[in-house]
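Peer 1: predicted model follows, preceded by the sequence.
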Amino acid sequence: MSDTIRSFRRNAVHIRQALELFKRDPGKVGVESGYLQDDGLVERYKRLSIPVRRALNPTDKAAFAPTAISLRTTAGVDRQQLDRIDAAWLKLQADLDSGVMLGGTKVPRRQILGAWLDAAAFYDKLERDRAYDRLIDQYGKAAEGIGTELTEDAVRVILMLDEAAASALGEPVILPPAPRTPPPPPDPKESLWRRLFPKKISDD
């Protein structure tokens with residue numbers, strides 16, 4: 001089985017985990033200067049944006065496009081399912097290539113999505129010159145809503161492919177959590193007493 005498919009699946013796990021956090025913390029939305037305002041939005045999208053950026057990057061080993069190609073050459077995969085995924089992917093690409101008017105200029109949605117994902121992925125509220133602030137300076141507040149909507153559109157298509165990949169690998173769609181790293185083996189030079197009672201007992 002292609003390593004590309006496995007890498008794609010491992011990356012998709014992070015998308016699903018981020019979506020679970022969205023369910024637990026939907027955020028508080030208010031209205032400011034005519035726009036919906038959610039103070040914690042960028043921080044919540046930070047965890048989601050990182051694996052989405054990887055899936056949309058054609059040169060990443062967890063990229064969507066090479067994974068779809070690998071599944072096409074994998075025996076036992078539902079071809080009709082792949083056809084539906086391909087159609088959804090092509091529609092997403094067409095949407096990203098279309099433009100939207102921002103500040104009197106027509107900007108490709110793909111450009112806005114890329115800027116939004118970068119802003120969210122590298123967001124640091126302690127950093128003075130934030131990528132998010134540069135996003136708003138360049139495209140205005142509307143870019144936030146466009147970026148989040150396009151991110152969610154991309155996530156839907158990515159998870160469609162992840163379901164097909166899970167079937168190809170014979171794995172559950174929702175992968176179990178990774179096993180915890182076992183503790184290091186005991187130092188053979190250390191006495192049994194020290195292993196059983198690691199804290200030093202001081203004499204009174």
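Peer 2: Cool, got the structure.
Peer 1: how about the strands in the protein?
Peer 2: Using DSSP state E, the strands of the chain run over residues 30-32, 35-37, 99-102, 105-108.
Peer 1: helices or strands next to the third one in the packing?
Peer 2: Helices and strands in packing contact with strand 99-102 are listed as strand 105-108, helix 109-121, helix 142-169; criterion 3 or more CB pairs under 8 Å, 6 or more residues apart in numbering; DSSP states H and E. The C-beta positions use only the backbone N, C-alpha and C, and glycine is treated the same way.
Peer 1: run a quick neighbour tally on Gly140.
Peer 2: By the criterion of other CB atoms under 10 Å, Gly140 has 13 neighbours.
Peer 1: would you mind giving the helices and strands packed on strand 99-102 as JSON lines with mean pLDDT and distance to Leu21 added?
Peer 2: Listed next are the helices and strands packed on strand 99-102 as JSON lines, based on pLDDT from 0 to 100; distance: least, CB to CB, whole Å:
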{"stretch": "strand 105-108", "mean pLDDT": "92", "distance to Leu21": "30"}
{"stretch": "helix 109-121", "mean pLDDT": "93", "distance to Leu21": "13"}
{"stretch": "helix 142-169", "mean pLDDT": "94", "distance to Leu21": "13"}
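Peer 1: follow-up on the earlier one: which of the strands of the chain comes out lowest on mean pLDDT?
Peer 2: Comparing mean pLDDT across the strands of the chain, the lowest value falls on strand 30-32: a mean of 40.
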